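> my questions are about this predicted structure, shown below with the sequence.
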Amino acid sequence: MDKCEFLQEQREIRRKKALEEHRRMSSLFRENRFAFERQRREAIKKLIESVPDPGLQKRLWETQARWDRIMKSAGSPHNRFVLAKALFWDHVINNWVPALTAVADSTAEQD
């Protein structure tokens, strides 16, 4: 097995695990929202605490708190979807585009 096949196989394993976890959490959401929320928060905590940089951990906790606060005030599933979409595009436009532009500018300067 070459490296590419190995990576594809690993990707497929991760994909299957993610889909299984999504089905489990989706079912839990429908059956027991309290347990779902507890497990969602635990998964977020585990992910953020796995980050080795304390400064980045702090920023991630702040971002998560902001997200939770905004979603809590949404009022309906449709409003949550609209807010999530708006937050996503706000981040893309105000963070990713400037960062990618800076990288492209610095690369152009090196040529």
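Received the coordinates, thanks.
> for the helix with the most length in the chain, buried residues please.
Determined from DSSP state H, the single longest helix within the chain is helix 3-31. Buried residues in helix 3-31, defined by neighbour count with 16 or more other C-beta atoms under 10 Å: residue 28. Every C-beta, even on glycine, is put in place using the N, C-alpha and C of the backbone.
> gap between the helix or strand that it is followed by and the chain center?
Moving toward the C-terminus from helix 3-31, the next helix or strand (DSSP states H and E) is helix 33-49. Centroid displacement of helix 33-49 relative to its chain, using C-alpha atoms, centre = their mean, to the nearest Å, is 13 Å.
> the longest helix of the chain versus helix 33-49: what angle between them?
150 degrees (axes from the mean of the first three to the mean of the last three C-alpha atoms, to 10 degrees).
> for helix 3-31, packing partners?
helix 33-49 (3 or more C-beta pairs under 8 Å, 6 or more residues apart in numbering; DSSP states H and E).
> for the record, mean pLDDT for the helix it packs on?
Mean per-residue pLDDT for helix 33-49: 96.
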